[in-house]
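K.L.:
let's see this in three dimensions:
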Amino acid sequence: MEAISRAVIPTRWGVFEMIAYADDPHEPMPHLALVHEKTPSSRENVLTRIHSECLTGDIFESTRCECGTQLRSSLEQISKEGGIVIYLRQEGRGIGLIEKLKAYQLQDIGYNTVDANVHLGHAPDERSYDLAVRILKDLNVKSIRLLTNNPDKIKAIEESEIGLVERVPIIIESNQDNLQYLETKKKIMGHLLD
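P.N.:
Residues are numbered from 1 along each chain as shown. The predicted model follows:
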């Protein structure tokens with residue numbers, strides 16, 4: 001995997017350089033790095049969000065999960081001091097959008113998010129964060145402050161050459177649509193939710 005193309009992208013959170021990473025230069029769905037204009041050139045203590053794609057939450061602002069809210073909260077924090085968003089194409093905890101929608105149907109009849117994935121023949125979470133580490137290394141990042149509640153992301157950084165200076169929690173209010181989902185993440189998947 002390598003950086004295939006890049007461009008400057010102005011947003012409501014400031015100007016980012018967006019870099020597309022893929023194995024194939026014709027890949028239609030590359031992983032992305034968004035490097036904010038205020039990101040320290042030393043590449044030390046960089047505020048960083050590793051975010052797995054969630055079409056329903058990120059784009060359509062579904063209240064069924066907190067993914068889109070986490071992404072926007074991270075962008076807001078990064079806009080103040082600079083930082084990086086690594087956007088990984090791992091929809092539905094790595095099972096893809098079609099299977100994710102099937103899992104949603106199972107959740108509607110009483111399955112929790114983990115049991116729904118397992119019922120469909122998947123692991124509870126099929127994502128990998130090795131690609132995020134490779135992208136951070138390519139960007140010459142030496143150490144990060146990681147915006148996350150996910151212990152798997154923390155572990156991936158701790159086991160890499162990238163220094164983990166601190167975990168920055170993302171505090172999101174629950175709602176009636178995502179309360180059970182968040183409880184499952186906390187109780188079964190070990191997410192660090194207060």
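K.L.:
any idea which residue sits dead centre in the protein?
P.N.:
Closest residue to the average C-alpha location of the chain: His51 at 1.1 Å, with CA atoms, centre = their mean.
K.L.:
and the helix or strand where that residue lies, what does it pack onto?
P.N.:
In this assignment (DSSP states H and E), His51 forms part of strand 46-52. If you count contacts as 3 or more CB pairs under 8 Å, 6 or more residues apart in numbering; DSSP states H and E, strand 46-52 packs onto helix 67-81, strand 84-88, helix 91-94, strand 143-147. All C-beta atoms are positioned from the backbone trio N, CA, C, and that covers glycine.
K.L.:
7 Å instead, please
P.N.:
Judged by 3 or more CB pairs under 7 Å, 6 or more residues apart in numbering; DSSP states H and E, strand 46-52 is in contact with helix 67-81, strand 84-88, strand 143-147.
K.L.:
sheet partners, orientation included, of it?
P.N.:
Applying DSSP bridges, strand 46-52 is found paired with strand 84-88 (parallel), strand 143-147 (parallel).
K.L.:
need those strands in a markdown table (columns: distance to Val114).
P.N.:
Converted to a markdown table, the strands paired with strand 46-52 look like this (distance: least, CB to CB, whole Å):
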| stretch | distance to Val114 |
| --- | --- |
| strand 84-88 | 20 |
| strand 143-147 | 23 |
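K.L.:
in a markdown table: these, plus mean pLDDT.
P.N.:
Listed next are those as a markdown table, based on pLDDT from 0 to 100:
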| stretch | mean pLDDT |
| --- | --- |
| strand 84-88 | 98 |
| strand 143-147 | 97 |
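K.L.:
CSV for the ones you listed, including mean neighbour count and distance to Tyr111?
P.N.:
Supplementary listing: these in CSV, determined by neighbours: other CB atoms under 10 Å; distance: least, CB to CB, whole Å:
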stretch, mean neighbour count, distance to Tyr111
strand 84-88, 23, 25
strand 143-147, 22, 29
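K.L.:
what's the closest of the ones you listed to Glu66?
P.N.:
Taking CB to CB as the criterion, Glu66 comes closest to strand 143-147 out of the strands paired with strand 46-52, the separation being 13.0 Å.
K.L.:
quick one: contacts of the closest one?
P.N.:
Contact with strand 143-147 is made by 44-49, 74, 77, 153-154, 157, 162-168, 170, as judged by CB atoms under 7 Å, 6 or more residues apart in numbering.
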